[in-house]
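Undergrad: Need the 3D shape of this:
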Amino acid sequence: MKNYLSALFISIAVITGAVLINKAYTYKFRTKNTVSVLGSSEYNFTSDLVVWSANYTRTSMEIKDAYASLKNDEQAVRDYLGKQGIAAGEIIFSSVSIDKQYTENYDQNGRQIGRTFTGYQLLQTVKVESKNIGKVERVSREITELLQSGVELSSQEPQYYYTKLSSLKVNLLAKASTDAYNRASTIAANAHSKLGGLRKASMGVFQITGQYSDENYTYGGTLNISDKNKTARITVRLEYELE
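TA: Below you'll find the predicted structure:
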């Protein structure tokens with residue numbers, strides 16, 4: 001009886017092992033080769049929104065005097081922008097920031113012995129957001145009138161944006177996917193194979209750089225705001241089975 005059971009167990013083990021080996025061989029045999037390709041697409045475009053900022057300051061020993069002067073400057077800036085054709089709804093004035101100014105005092109040995117209060121410095125920022133890029137560019141360059149009127153205005157460089165990035169990104173993804181598919185098809189055809197089903201797909205980084213600039217692409221993506229004319233680029237990686 002013991003010999004019979006031992007033989008039975010051995011037979012079962014052999015059959016089980018054969019089944020497992022057969023499944024492993026079948027799985028290996030059915031594993032298909034794949035091809036992984038990178039597709040890309042890019043598009044040159046012109047920004048449709050400009051943002052320009054400038055700030056102006058006033059300093060006085062009395063905070064109320066500094067504030068009154070700053071309010072006069074705000075009105076002068078508002079009038080100037082209005083004369084240049086900038087709509088009121090495109091102009092944003094920030095709240096006023098206040099900073100106490102001091103000068104450091106030193107003794108004859110160069111050691112600091114205290115400081116003297118020199119007045120309150122008040123600062124305010126004006127920002128213009130407009131789709132009339134040419135007009136805002138001109139305003140940002142021609143602020144002589146304000147400077148001559150006594151407004152201590154410090155102008156920043158305009159920043160350029162595109163308000164249709166979402167639809168642009170979708171279109172670039174479609175073109176990049178087509179590009180990747182065509183590359184994979186070419187590889188398969190020249191390798192005397194056929195392109196099978198899609199196994200994996202991943203989107204690369206969305207990059208926006210200035211046209212004709214020497215900006216480098218970054219791992220986290222580049223968003224250029226200093227150039228009016230830009231180039232958008234996106235990549236996708238696709239993996240197909242080969243039949």
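Undergrad: after the helix or strand of the chain with the lowest mean pLDDT comes which helix or strand?
TA: The least trusted helix or strand in the chain, going by mean pLDDT, DSSP states H and E, turns out to be helix 2-30, with a mean of 47. Going down the chain from helix 2-30, the next helix or strand is strand 34-46, by DSSP states H and E.
Undergrad: Show me what that following strand is packed up against.
TA: helix 165-190, strand 195-203, strand 229-242 (3 or more Cβ pairs under 8 Å, 6 or more residues apart in numbering; DSSP states H and E). Every C-beta, even on glycine, is put in place using the N, C-alpha and C of the backbone.
Undergrad: Try it again at 10 Å.
TA: Contact partners of strand 34-46 among helices and strands, from 3 or more Cβ pairs under 10 Å, 6 or more residues apart in numbering; DSSP states H and E: helix 165-190, strand 195-203, strand 207-210, strand 229-242.
Undergrad: any chance of these in JSON lines, with mean pLDDT and mean neighbour count too?
TA: Converted to JSON lines, those look like this (pLDDT from 0 to 100; neighbours: other Cβ atoms under 10 Å):
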{"stretch": "helix 165-190", "mean pLDDT": "95", "mean neighbour count": "15"}
{"stretch": "strand 195-203", "mean pLDDT": "92", "mean neighbour count": "13"}
{"stretch": "strand 207-210", "mean pLDDT": "94", "mean neighbour count": "20"}
{"stretch": "strand 229-242", "mean pLDDT": "95", "mean neighbour count": "19"}
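Undergrad: Distance to Thr222 added to these, as CSV?
TA: Converted to CSV, the helices and strands packed on strand 34-46 look like this (distance: least, Cβ to Cβ, whole Å):
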stretch, distance to Thr222
helix 165-190, 13
strand 195-203, 16
strand 207-210, 5
strand 229-242, 9
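Undergrad: Tell me which of those lies nearest to Gln121.
TA: Closest of those to Gln121 is strand 207-210, at 35.5 Å (criterion: Cβ to Cβ).
Undergrad: Can you give me the domain boundaries for the chain?
TA: The record's domain split for the chain, according to automatic domain parsing, is 31-46+164-242, 50-160.
Undergrad: For the shortest one, what is the distance to the chain centroid?
TA: By that I understand domain 31-46+164-242. Centroid separation between domain 31-46+164-242 and its chain, computed with Cα atoms, centre = their mean, to the nearest Å, is 17 Å.
Undergrad: likewise the longest one?
TA: The chain centre lies 28 Å from the centre of domain 50-160; the measure is Cα atoms, centre = their mean.
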